[in-house]
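In: Next input, structure requested:
(chains A and B)
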Amino acid sequence: MRPDRQAALAIENLSYAFGERRVLQDVNLSVQPGDFAILLGLNGAGKTTLFALVTRLYSARHGKIAVFGHDIERAPLAALAMLGVVFQQSTLDLDLTVEQNLYYHASLHGMPRAKAAVRIEEELARIDLLGRRAERVRALSGGQKRRVELARALLHEPSLLLLDEPTVGLDMESRHFLLQHVQSLCRTRSLGVLWATHLIDEAADATKIIVLHQGRILAEAPPAEITTEAETLKNAFDRLTQKKAA
Amino acid sequence: MTPFVPLAATRASLQTPGHYLICLNGIIRREALRWLNQRGRFISALVRPLVWLVIFAAGFHFVLGVSISPPYRTYIPYEVYIAPGLVGMIQLFNGMQSSLSMVYDREMGSMRTLMVSPFPRWFLLTAKLLAGVAVSIVQAYIFFVIAWFWDIRPPVTGYIAVLPALILSGLMLGALGLVLSSFIKQLENFAGVMNFVIFPMFFTSSALYPLWRMQQASLPLYWISQANPFTHTVELIRFALYDSFDPVSALVLCAYLGIFMALAIIGYDPGRGLLARRGGGD
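Out: Numbering: from 1, shown residues only, chains lettered A, B, ... in the order given. As a prediction, the model looks like this:
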């Protein structure tokens, strides 16, 4: 914990229910600038709901969410301006070109076209897709689309990046590229990252693992502190979630 | 150690009118690109009213006579009478189509991209609405050009006077589409709503027959037509196209626009509307 820094994301006592079904219960977690935090949980653990609350697609009735100190309910515009998101489901416009999609996103953040052009070039070069900027998104492979989504999420230079199961359906190479790319951003730009996944091997290089199970946080610590001696992450995860189930 | 100041913190409060304009421009541009890219939508939007004009109106040309009534100063052929209704139809379909695309966007996830933009939600919805209106106005003018060759020739000044009418009616119908899209859960449900909204609105309006004729046929139907916002859409366009102004229709449209917009904002409010009612899943 670095008390001199304001948390990129701070969630306190967050609970949420769909009708009678409680999806999140008393969730507390924080992500610091530069953190590569993995939100680890099985399908149905509440990861997507948590993301929907942080991005204000749903409104949190119980608890508090703050992005760099900006409360998402009271100061949503300031909070959202600092946030980049890669949703679980692809949200690119398939009939528009890569560049048109990115310009659209830039405009949603009020970025002038000249500045957007520079930023688009930078981000596309970083993900090796500059040569395909004029192609329709429909023509790209799954991995390339994901990379474009990452470029889009970073276009307005957010300080906190949320990724909801970004590697689902990708081959090994694309997964590796995405992981490496995001981790390097944490180091070089002090970007705070919350990466939701159910794939335990993605958590190996995390600065912090947050285990979410049946809507509750079971652990929040660096990988080395989550595993006991001679225990793999997978075993640690099974131990934590089974203990909870029992 | 100096306190860490995030890069974006300096940008957080930068939403000036210029930024709003950039955002609006981007949303309109996307809508226009999508419209141009979806050839089927583009063509059907033009063919639909032309089919009515060329086939329906020609067929009824000798059956239905329209006597002299404002804003017309002479006896007019039936084609001339229904032209404003067909322009209204373009806007009605367009309003519903944009809301259909919003349901599609929501199912496909692109609605999320819009909703996480750091601009107020009312502004984003209004911008989305204006984008749809801009597209519908382009379609309406293309129709006017084709109709001109079909001998539907209102005064030249009418083409300018009709623009504000088209903006108001486009906004109202688009807002209705927004309301529907915010309360419709799935794309499949939309077909039913199209049947229950578009056709009743069109047929119980003054698009195809003057209200006085309806009054003769059935009084309850007449009152339904009077309350129908589409009747006022058609009348506002009809009057404006012939250099007249129908203040009642303008007021009714403004009232409906206010009601529909308020409902749409409630519908897209994260705490109250559909987004919160939907069962999420991981």
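
In: Quick check, residue B:180 in contact with residue B:198.
Out: No - counting by CB atoms under 8 Å, residue B:180 stays clear of residue B:198, with 10.4 Å between them. C-beta coordinates here come from the backbone N, C-alpha and C atoms, glycine included.

In: shared neighbours, those two?
Out: residue B:96 (CB atoms under 8 Å, 6 or more residues apart in numbering or on different chains).

In: In chain A, mark out all the strands, start to finish.
Out: Here chain A has its strands, by DSSP state E, at A:9-18, A:21-31, A:36-40, A:62-67, A:70-71, A:83-86, A:160-164, A:192-197, A:208-213, A:216-221.

In: which stretch among those strands comes nearest residue B:124?
Out: strand A:83-86 (15.4 Å; CB to CB).

In: Output that closest one as PDB - backbone C-alpha positions only.
Out: The C-alpha trace of strand A:83-86 is given here as PDB (Å, rounded to 0.1, in the frame of the first residue of the first chain):
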ATOM      1  CA  LEU A  83     -11.500   5.600 -17.100                       C
ATOM      2  CA  GLY A  84     -10.700   3.400 -20.100                       C
ATOM      3  CA  VAL A  85     -12.800   0.200 -20.500                       C
ATOM      4  CA  VAL A  86     -12.500  -3.000 -22.600                       C
END
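
In: Could you list the paired strands of that strand along with their orientation?
Out: Here strand A:83-86 is paired, per DSSP bridges, with strand A:160-164 (parallel).

In: Would you point out which residue of chain A is nearest chain B?
Out: residue A:107 (2.2 Å; CB to the nearest CB).

In: By mean pLDDT, which helix or strand of chain A comes out lowest?
Out: Within chain A, no helix or strand scores below helix A:233-245, which has a mean of 75 by mean pLDDT, DSSP states H and E.

In: any low-confidence regions in chain A?
Out: Under the criterion pLDDT under 70, the flagged ranges of chain A are A:1-5, A:229-230, A:243-246.

In: Which helix in it has the most residues?
Out: Counting by DSSP state H, the longest helix found in chain A is helix A:172-189.

In: Tell me which residues are up against that helix.
Out: By CB under 8 Å, 6+ apart, helix A:172-189 touches A:34-36, A:126-127, A:142-143, A:146-147, A:150, A:154, A:161, A:163, A:166-167, A:170, A:191-193, A:195, A:202, A:205, A:207, B:7.

In: can you rerun that using 7 Å?
Out: Applying CB atoms under 7 Å, 6 or more residues apart in numbering or on different chains, the external contacts of helix A:172-189 come out as A:34-36, A:143, A:146, A:150, A:166-167, A:191, A:193, A:195, A:202, A:205.

In: Going through these, which ones are buried?
Out: A:34-36, A:143, A:146, A:150, A:166-167, A:191, A:193, A:195, A:202 (16 or more other CB atoms under 10 Å in any protein chain shown).

In: Just put those in JSON lines and tack on distance to residue A:220.
Out: Shown next, in JSON lines, are the buried ones among the contacts of helix A:172-189 (distance: CB to CB, whole Å):
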{"residue": "A:34", "distance to residue A:220": "16"}
{"residue": "A:35", "distance to residue A:220": "11"}
{"residue": "A:36", "distance to residue A:220": "14"}
{"residue": "A:143", "distance to residue A:220": "30"}
{"residue": "A:146", "distance to residue A:220": "27"}
{"residue": "A:150", "distance to residue A:220": "25"}
{"residue": "A:166", "distance to residue A:220": "21"}
{"residue": "A:167", "distance to residue A:220": "22"}
{"residue": "A:191", "distance to residue A:220": "19"}
{"residue": "A:193", "distance to residue A:220": "15"}
{"residue": "A:195", "distance to residue A:220": "14"}
{"residue": "A:202", "distance to residue A:220": "17"}
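
In: and those, which two are the farthest apart?
Out: A:34 and A:143 (26.2 Å).

In: Got the confidence number for residue B:45?
Out: pLDDT for residue B:45: 75.

In: circling back: and the buried ones among the contacts of helix A:172-189 as JSON lines, adding distance to chain B?
Out: As requested, the buried ones among the contacts of helix A:172-189 are exported to JSON lines (distance: CB to the nearest CB, whole Å):
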{"residue": "A:34", "distance to chain B": "9"}
{"residue": "A:35", "distance to chain B": "12"}
{"residue": "A:36", "distance to chain B": "16"}
{"residue": "A:143", "distance to chain B": "18"}
{"residue": "A:146", "distance to chain B": "13"}
{"residue": "A:150", "distance to chain B": "14"}
{"residue": "A:166", "distance to chain B": "13"}
{"residue": "A:167", "distance to chain B": "15"}
{"residue": "A:191", "distance to chain B": "9"}
{"residue": "A:193", "distance to chain B": "13"}
{"residue": "A:195", "distance to chain B": "14"}
{"residue": "A:202", "distance to chain B": "16"}
